[in-house]
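>>> model the structure of this input:
(3 chains)
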Amino acid sequence: MRIHRTVCCLALLLPSLAFAAPNPRLVLPQFKDLADKATQSVSITMDPALLGLAARFMDAANAQDAAVMDIIKGLQGIYVRSYTFDRDGVYQSSDVDEIRKQLAAPGWSRVVETRSKKTHADVDIYLMTQGKQVLGLALIASEPREITIVNIVGAIDLDKLHKLEGQFGVPKLTEP
Amino acid sequence: MSEGLEARLRAALRPVSPSEEFSVRLQERLTAAARPRRRAVALWFGAALAASLVLAVGIAHRASKAQERVAGLAARQQVLDALRVTNQKVDLAYLTVTSESRDEP
Amino acid sequence: MTADEQLARARAGDSDALAGLVREHQRSIYSIALRMLGNREGAEDLTQEVFMQLSAKIGSIASGEHLRFWLRQVTANRAIDELRRSTRFPMVPLDEEASFCHAAEDTDPLLQRQLDRLLAQLSAPARAVLLLRYQEDLDPVDIARTLDMPINTVKSHLKRSLEMLRSRCEVPAP
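Numbering: from 1, shown residues only, chains lettered A, B, ... in the order given. Down below sits the predicted model:
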């Protein structure tokens, strides 16, 4: 099975399950318990105002900044919570139950579900769509020592995001 | 052993100087922001008040611009961080699928 | 002119005296900012903010010792706040200048690399503790006062940071 990098195209094949106006913004818990146990935490909350502020301080003449500006121009929010621990088994799958309940609601469809026997890493990617339009993305990545939740409000183009890989100061991901 | 490492740490973390250009710029800004050292003589009260207000607004504007720049650069960094994390995890899914499909008979 | 005399003149409005104080302390403050934030632009902005604030508040600084305490406290806490606003635990920086350590030129490259990684991985408060101890040579009690942190937390951060660094710098026996 191949994953289609252009998830937007895949989204066009999905039935639209919206009843009331769907809200692609997840309610993220504080995760205080996880943060207290983590050796490393990332907590990013970017609303439209902060995204606008960030865009004003990007340099359109710089290739990376220009590419990032292109990606975020259609977004209304980016929310990331990521916790890294110093050993396996510190967090439970139930720690993200609240998130999964929201993603089970009408409007969200799981477009990617991967379970790795080698790395024991599970990644679920959800899209919220309305007709042909992508309203938002949610991602839960559960690894033995790291749990990451991403919620993006707006139409994110994963193809464009993929093209930035290697420019983030982190080597391109290689197979485990 | 610990003392050796701590000594090396101290040596590595000796303070470093900012650029000369920054030092000059900083001094200029501090001079501009400093209170008047001498009272102006023979100024009409109205003109003096107006001049003070303009100066105060100018200083406040410069200070708030500097604050906005700090906030804007921090916001830019957050966006880069968020996109990097997202990309990493999407890649994780992609590699899982491609490596396991390669393993399939 | 002693430090206290220079401070007294600066409080009285002597701009040359204030300029002298800034020259005396800017290296230390800039280095804290640089090693906390990991980039020169942010460090310059923060350094400028701190000294602008000093200029406004110079009347309330009682002595040379108070001045040193005040400068470190404001710089470290502002840097921590800024890092908390961006990410809780800063990851490896994304800019081209991916270095926190900015070590002195004669530093052993292995130590520099490991120190860079360590600083990048530490939480903002732990990073501040390490810098105040090994860059500013403060003892744990003074660090606790500067950061308004329990002394045991300071000691814990120091112990853990040294252990992480030691384990990275050890060369395995052949």
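>>> what about the strands in chain A?
Assignment of strands within chain A using DSSP state E yields the ranges A:40-46, A:75-84, A:108-115, A:122-130, A:133-143, A:146-154.
>>> neighbours of residue B:7, how many?
By the other Cβ atoms under 10 Å in any protein chain shown criterion, the neighbourhood of residue B:7 contains 11 residues. Placement of C-beta: from N, CA and C, glycine included.
>>> run through the residues that contact it.
By Cβ atoms under 8 Å, 6 or more residues apart in numbering or on different chains, the contact set of residue B:7 is empty.
>>> any idea how far residue A:29 is from it?
Separation of residue B:7 from residue A:29 (Cβ to Cβ, to the nearest Å): 45 Å.
>>> worst-scoring helix or strand of chain C, pLDDT-wise?
Of all the helices and strands that make up chain C, the one with the lowest confidence by mean pLDDT, DSSP states H and E is helix C:109-121; it has a mean of 78.
>>> could you give the bridge partners of the spatially most central residue of chain A?
If you average the C-alpha coordinates of chain A and look for the closest C-alpha using Cα atoms, centre = their mean, you land on residue A:150, 3.2 Å from that point. According to DSSP bridges, the residues that bridge with residue A:150 are residue A:80, residue A:139.
>>> what angle do the longest helix seen in chain B and strand A:40-46 make?
Secondary structure assigned by DSSP state H gives helix B:45-103 as the longest helix of chain B. Between helix B:45-103 and strand A:40-46, the angle formed by their directions is 120 degrees, by axes from the mean of the first three to the mean of the last three Cα atoms, to 10 degrees.
>>> any stretches of chain A with poor pLDDT?
Applying pLDDT under 70 to chain A flags residues A:1-21, A:164-176.
>>> nope, chain B is what I was after
B:1-2, B:34-48, B:99-105.
>>> residues of it that sit close to chain A?
Residues of chain B lying near chain A by Cβ under 8 Å from any Cβ of the partner chain: B:68-69, B:71-73, B:75-76, B:78-101.
>>> residue B:82 is in contact with the residue nearest to the centre of chain A, correct?
Yes. Taking Cβ atoms under 8 Å as the contact criterion, residue A:150 and residue B:82 are neighbours in contact, 7.4 Å apart.
>>> what helices and strands are in contact with the least confident helix or strand of chain C?
The elements that helix C:109-121 packs onto, with contact taken as 3 or more Cβ pairs under 8 Å, 6 or more residues apart in numbering or on different chains; DSSP states H and E, are helix B:2-12, helix C:124-134, helix C:151-169.
>>> change it to 6 Å
In terms of contacts (3 or more Cβ pairs under 6 Å, 6 or more residues apart in numbering or on different chains; DSSP states H and E), helix C:109-121 is packed against helix B:2-12, helix C:151-169.
>>> returning to that earlier point: for the residue nearest to the centre of chain A, give me its contacts.
By Cβ atoms under 6 Å, 6 or more residues apart in numbering or on different chains, the residues touching residue A:150 are A:80, A:139, B:86.
>>> again, only using 8 Å
Residue A:150 makes contacts with A:78, A:79, A:80, A:137, A:138, A:139, A:141, B:82, B:85, B:86, B:89, as judged by Cβ under 8 Å, 6+ apart.
>>> ok, now how distant is it from chain C?
Between residue A:150 and chain C the computed distance is 14 Å (Cβ to the nearest Cβ, to the nearest Å).
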